[in-house]
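Enquirer: this one's sequence-less:
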Ligand SMILES: [Zn+2]
């Protein structure tokens, strides 16, 4: 079989000029920033406004929608040549937001990337976009809004495995997608609910991963309150009873409580063990007792897997748990509705 090889060009672009002055040879190395990066990587396309996927991808193809997470929360990253020194601390500040709430460690990639490596290549460009989860080698994360820390957090949220909040299967109970206010041709694939998308906790209007109410609406250049003709045409309208959230959706000012909690579960502490009588997501790629592959019963045997002083996170349900427990642990039922009998 023929092996395909990829060549990564890592050389900085520099202009080297020489001049003779007073008998001495001076070499000037002047770093020149390349023109702003535009467009999307070859072989990819954008869905949902800022999510990069393979060209032949469709969100209704369930097998292609499966997210790969970063083992042990270690996320190697590599600076593309388009990123300036001024921009790097802005990325670090956004990375720290996620590192602060979950077992995540962004690590600057050292050396020359190999074909078999997984890492994020950060670029500066005219768009914000990212792939979802861990993508083999060529994971480009592009930022245009460098002065907007939580827009960077949003893209990092994708890179860590988050989709958009309004992609949840239950979103039609909370928001109405107003199709007549959406630009022609933008409903699919920017507003459909993908197959097999997982969600946790209450619908989160405050999520940093939610679209704003004007996303893809017909009032270009992109605001709907009101359109140029004075009419308000939101692409997303919250359902009656939730009106107080209409102006909140799409916020990019903070990570919400549930953004932080779910990320902390996906990249959890080693002393945390998860229990879900309903079986949770049953993703056997993960170790038993993890958030995505929880134990389905809470009894003495299962409880013994919680480290001394650790936390047992229990999903709603009734668990046969009678017995004598000698190990100290905290039991937390974040969504309530748990009976230990
Ligand atoms: Zn996004």
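Expert: Sure, I can see it. Remember, predicted model here, so these are calculated numbers, not experimental data. Residues are numbered from 1 along each chain as shown.
Enquirer: my guess is residue 151 is in a strand, correct?
Expert: No: counting by DSSP: H, G, I helix; E, B strand; the rest coil, residue 151 is not found in a strand; it is helix.
Enquirer: numbering from 29 from now on, please.
Expert: That works, and once the first residue is 29, the last one we named lands at residue 179.
Enquirer: could you measure from the nearest residue to it once chain neighbours are set aside over to residue 142?
Expert: Nearest non-adjacent residue to residue 179, counting by Cβ to Cβ, 6 or more residues apart in numbering: residue 173, 4.5 Å away. Where you see a C-beta, it was placed from the backbone N, CA and C, and this is true even at glycine. From residue 173 over to residue 142 the distance is 32 Å, taken as Cβ to Cβ, to the nearest Å.
Enquirer: also residue 350?
Expert: Separation of residue 350 from residue 142 (Cβ to Cβ): 53 Å.
Enquirer: same check, this time on residue 232
Expert: 38 Å.
Enquirer: please report how far the closest residue to residue 129 other than its chain neighbours lies from residue 185.
Expert: Nearest non-adjacent residue to residue 129, counting by Cβ to Cβ, 6+ apart: residue 288, 4.1 Å away. Distance of residue 288 to residue 185, computed by Cβ to Cβ: 11 Å.
Enquirer: of the two, which one has the most company?
Expert: The residue with more neighbours, out of residue 288 and residue 185, is residue 185; 25 against 17, by other Cβ atoms under 10 Å.
Enquirer: in contact with the more buried one, which residues?
Expert: Contacts for residue 185 (Cβ atoms under 8 Å, 6 or more residues apart in numbering) come out as 126, 236-237, 287, 291.
Enquirer: can you show me the helices along the stretch 179-328 of the chain?
Expert: For the stretch 179-328 of the chain, applying DSSP state H, counting those that start in this stretch gives helices covering 215-218, 285-294, 328-331.
Enquirer: tell me which residues are up against the first one.
Expert: Outside helix 215-218, the residues within contact range by Cβ under 8 Å, 6+ apart are 75-77, 86-87, 205, 207, 210, 243-244.
Enquirer: what's the most distant pair in those?
Expert: 86 and 243 (19.9 Å; Cβ to Cβ).
Enquirer: who has more neighbours out of those two?
Expert: Ranked by neighbour count (other Cβ under 10 Å), residue 86 and residue 243 place residue 243 first, with 23 against 15.
Enquirer: that one contacts residue 263, correct?
Expert: Yes: under the criterion of Cβ atoms under 8 Å, residue 243 makes contact with residue 263 at 5.5 Å.
Enquirer: which one of the contacts of helix 215-218 sits closest to residue 346?
Expert: residue 87 (35.0 Å).
Enquirer: can you give me the pLDDT of the closest one?
Expert: The model reports residue 87 with a pLDDT of 59.
Enquirer: and what of residue 348?
Expert: So residue 348 comes in at 92 (pLDDT).
Enquirer: neighbours of it, just the number please.
Expert: 12.
Enquirer: which stretches of the stretch 29-178 of the chain have low pLDDT?
Expert: By pLDDT under 70, the weakly predicted segments of the stretch 29-178 of the chain are 29-64, 84-94, 143, 164-165.
Enquirer: what ranges do the strands span in it?
Expert: With DSSP state E, counting those that start in this stretch as the criterion, the stretch 29-178 of the chain has strands at 42-49, 52-59, 72-75, 79-82, 102-107, 133-136, 148-152, 158-159, 167-171.
Enquirer: tell me what the shortest one is packed against?
Expert: Counting contacts by 3 or more Cβ pairs under 8 Å, 6 or more residues apart in numbering; DSSP states H and E, strand 158-159 packs against strand 79-82, strand 167-171, helix 177-188.
Enquirer: again, only using 7 Å
Expert: The helices and strands touching strand 158-159, judged by 3 or more Cβ pairs under 7 Å, 6 or more residues apart in numbering; DSSP states H and E, are helix 177-188.
Enquirer: kindly report the same for the fourth one.
Expert: In terms of contacts (3+ Cβ pairs under 7 Å, 6+ apart), strand 79-82 is packed against strand 72-75.
Enquirer: for the strand it packs on, which positions count as buried?
Expert: 72, 75 (16 or more other Cβ atoms under 10 Å).
Enquirer: contacts made by it with the rest, please.
Expert: For strand 72-75, the surrounding residues in contact (Cβ atoms under 7 Å, 6 or more residues apart in numbering) are 68, 80-83, 87, 157, 217-218.
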